[in-house]
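Asks: Structure for this input, please:
(chains A, B, C and D)
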Number of protein chains: 2
Amino acid sequence: MPFHKTPNATERILAAADKLFYTQGIRAVGVDAIALEAGVSKRTLYNHYPSKDALIAAYLTARFRHIAPSDAPAAEQILGVFDRLEKVFASTGFRGCPFVNAVAELGDPKHAASAIAVQFKEQRRQWFRSLLESLGVRDPEGLSMQLQILVDGAIATVLVRGDAAVARSARAAAETLLRAAGALPKQRAA
Amino acid sequence: MPFHKTPNATERILAAADKLFYTQGIRAVGVDAIALEAGVSKRTLYNHYPSKDALIAAYLTARFRHIAPSDAPAAEQILGVFDRLEKVFASTGFRGCPFVNAVAELGDPKHAASAIAVQFKEQRRQWFRSLLESLGVRDPEGLSMQLQILVDGAIATVLVRGDAAVARSARAAAETLLRAAGALPKQRAA
DNA sequence: CGAACAATACACCGATCTGTGTAATCGTAG
DNA sequence: CTACGATTACACAGATCGGTGTATTGTTCG
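Replies: Residues are numbered from 1 along each chain as shown, chains lettered A, B, ... in the order given. Predicted structure coming up:
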């Protein structure tokens, strides 16, 4: 039976690729740098991943986190997204959305990265949509798209502005949209 | 007096750089490809631009279009942004926001591209803000940021989804935000 | 014509890129 | 101990990168 002597060589390579790809850009990072960061020879890297493109795809696939279901109220779950975003924005090394960045810098829509990016964004939109349905809003499809736009817009804006407080603006906008859809109590005066 | 025999060699180089940088990504395009596209020798290219970095900066600076003032009603001007966005999204070769893309793929915040990108986004936000002030909304600063988020969010979403109709969702969200701020008449029933 | 200047072709530099070939080494299972 | 599979170091291929040096070809003005 094949064994694994180390706590996963494949994972170390993937972790190194994630760190370098995300912080410096995919095209800016060579496989040599990834192998060095992972503490692995270049030959070993190519024994685990057949090509840099495959490693890129693995990087994005690993970034594809599935959203854990929650028992919290739907509106709270939705607004919680923006609160979590603010923390991510404020963390050192935030560099935008890895999926959007990959699509932007790879260019080729036939690259595996594009399909992965579409799936990720679509997953989050569907998550929004099902929550909105449970809230009984009038147009869950359209509103889920609007929330999605707010999320990606906040990410892009922070990428160039570097101001994590943008997340609060996005949250406020989401509140207004939810309120207009009847999914939130009427506004309290200040 | 120095003369110009052709309709501007510098401009042809810039136009070639714009086309290639935007459609394929900055790092993906070599100076040789730009010179070829411009119908110019590489030496001439370097006689007009001292380095690729300078050409990148020129590319972004040229993309920096100043917004022409208009006499149309303020709310109409704001919503018109999203209508124009939809046309841009539907045009062939749309590849997202050149400023955001440049920041994303260059990584280095000290690169001239970052400063240009910040200026561009800030200009548009100020444009929103002054229109909102003329509308007498309660929080022009915050609302201008929210509109900015909608614009960049729509751009990022279309980049991965490829669906120009996203612009209409963004416009609808902008209408809701303006209405909640009292800058638009109360909603008509469908 | 002839001086002045822009643009050309083209070779070239050193660095870096993705990817491979190979022989030596190491750790573990039988 | 031995055999085997994973990993290593390292050289190398072939391409491309940004950038330069140079000698030659135009083109325009005086």
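Asks: From now on I want contacts and neighbour counts done on CA atoms only, so please keep to that.
Replies: Will do.
Asks: which residues does A:Leu36 contact?
Replies: A:Leu36 is in contact with A:Lys42, counting by Cα atoms under 8 Å, 6 or more residues apart in numbering or on different chains.
Asks: Just the element for it, please.
Replies: Per DSSP states H and E, A:Leu36 falls inside helix A:31-38.
Asks: now A:Arg179
Replies: Assigned by DSSP H and E, A:Arg179 belongs to helix A:166-180.
Asks: does that helix come close to chain B?
Replies: Yes - judged by Cα under 8 Å from any Cα of the partner chain, helix A:166-180 and chain B are in contact via A:166, A:169-170, A:173, A:176-177, A:180.
Asks: thinking again about what came up before, next structured bit after the helix holding A:Leu36?
Replies: Per DSSP H and E, the first helix or strand lying C-terminal to helix A:31-38 is helix A:42-48.
Asks: May I have that following helix as CSV, with CA atoms only?
Replies: In CSV, the C-alpha atoms belonging to helix A:42-48 read as follows (Å, rounded to 0.1, in the frame of the first residue of the first chain):
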residue,chain,number,x,y,z
LYS,A,42,10.9,21.4,-8.8
ARG,A,43,10.8,17.8,-9.9
THR,A,44,8.6,16.8,-7.0
LEU,A,45,6.3,19.6,-7.8
TYR,A,46,5.9,18.3,-11.3
ASN,A,47,5.4,14.8,-9.9
HIS,A,48,2.3,16.1,-8.0
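Asks: How about the helix or strand that it is followed by and chain B, touching?
Replies: As assigned by DSSP H and E, the chain's next helix or strand after helix A:42-48 is helix A:52-63. No - Helix A:52-63 lies out of reach of chain B by Cα under 8 Å from any Cα, never closer than 13.9 Å.
Asks: Centre of the chain to helix A:52-63, how far?
Replies: Offset of helix A:52-63 from its chain centre (Cα atoms, centre = their mean, to the nearest Å): 14 Å.
Asks: Next one: the nearest residue to A:Pro98 once chain neighbours are set aside relative to A:Ser91, how far apart?
Replies: Excluding its sequence neighbours, the residue lying closest to A:Pro98 (Cα to Cα, 6 or more residues apart in numbering or on different chains) is A:Tyr22, at 6.4 Å. Per Cα to Cα, to the nearest Å, A:Tyr22 is found 14 Å from A:Ser91.
Asks: before we move on, what about A:Ile56?
Replies: Applying Cα to Cα to A:Ile56 and A:Ser91 gives a distance of 23 Å.
Asks: Between these two, tell me which one has more neighbours.
Replies: Neighbours per residue (other Cα atoms under 10 Å in any protein chain shown) separate A:Ile56 from A:Ser91, with A:Ile56 holding more: 21 against 11.
Asks: Who are the contact partners of that one?
Replies: Going by Cα under 8 Å, 6+ apart, A:Ile56 touches A:17, A:26, A:113.
Asks: Mind pulling up the pLDDT for A:Pro185?
Replies: Looking at A:Pro185, its pLDDT reads 83.
Asks: just checking, A:Ala167 touches A:Val81?
Replies: No - the pair A:Ala167 / A:Val81 is not scored as a contact, 9.6 Å apart, by Cα atoms under 8 Å.
Asks: Look up phi and psi at A:Leu150.
Replies: A:Leu150 adopts backbone torsions of phi -60, psi -40, taken as degrees, to the nearest 10.
Asks: Please tell me I have it right and it contacts A:Ala170.
Replies: Yes - counting by Cα under 8 Å, A:Leu150 touches A:Ala170, with 5.9 Å between them.
Asks: what sits in contact with each of those two?
Replies: Common contacts of A:Leu150 and A:Ala170 (Cα under 8 Å, 6+ apart): B:Ile149.
Asks: okay, A:Ala167 and A:Val81: which has more neighbours?
Replies: Set side by side, A:Ala167 and A:Val81 show more neighbours around A:Ala167, with 29 against 13, by other Cα under 10 Å.
Asks: and A:Lys110, what element?
Replies: Following DSSP H and E, there is no helix or strand that holds A:Lys110.
Asks: need the contact list for A:Met42.
Replies: If you look again at residue A:42, you'll see it is Lys, not Met. Contacts of A:Lys42 (Cα under 8 Å, 6+ apart): A:31-32, A:35-36.
Asks: how about low-confidence regions in chain A?
Replies: Residue ranges of chain A with pLDDT under 70: A:1-7, A:187-190.
Asks: which residues in it form helices?
Replies: Applying DSSP state H to chain A gives helices spanning A:9-24, A:31-38, A:42-48, A:52-63, A:74-90, A:98-106, A:112-135, A:140-161, A:166-180.
Asks: hmm, the shortest one touching DNA strand C?
Replies: Meaning helix A:42-48. Yes - contact between helix A:42-48 and DNA strand C, assessed by Cα under 7 Å from any atom of the strand, occurs at A:42-43, A:46.
Asks: A:Gly153 against B:Val158, yeah?
Replies: No - counting by Cα under 8 Å, A:Gly153 stays clear of B:Val158, with 11.4 Å between them.
Asks: Compare the two (neighbour count), which wins?
Replies: Between A:Gly153 and B:Val158, counted using other Cα under 10 Å, A:Gly153 has the larger neighbour count: 27 against 22.
Asks: Identify the residues contacting the more buried one.
Replies: The contact partners of A:Gly153, taken as Cα under 8 Å, 6+ apart, are B:148-154, B:156.
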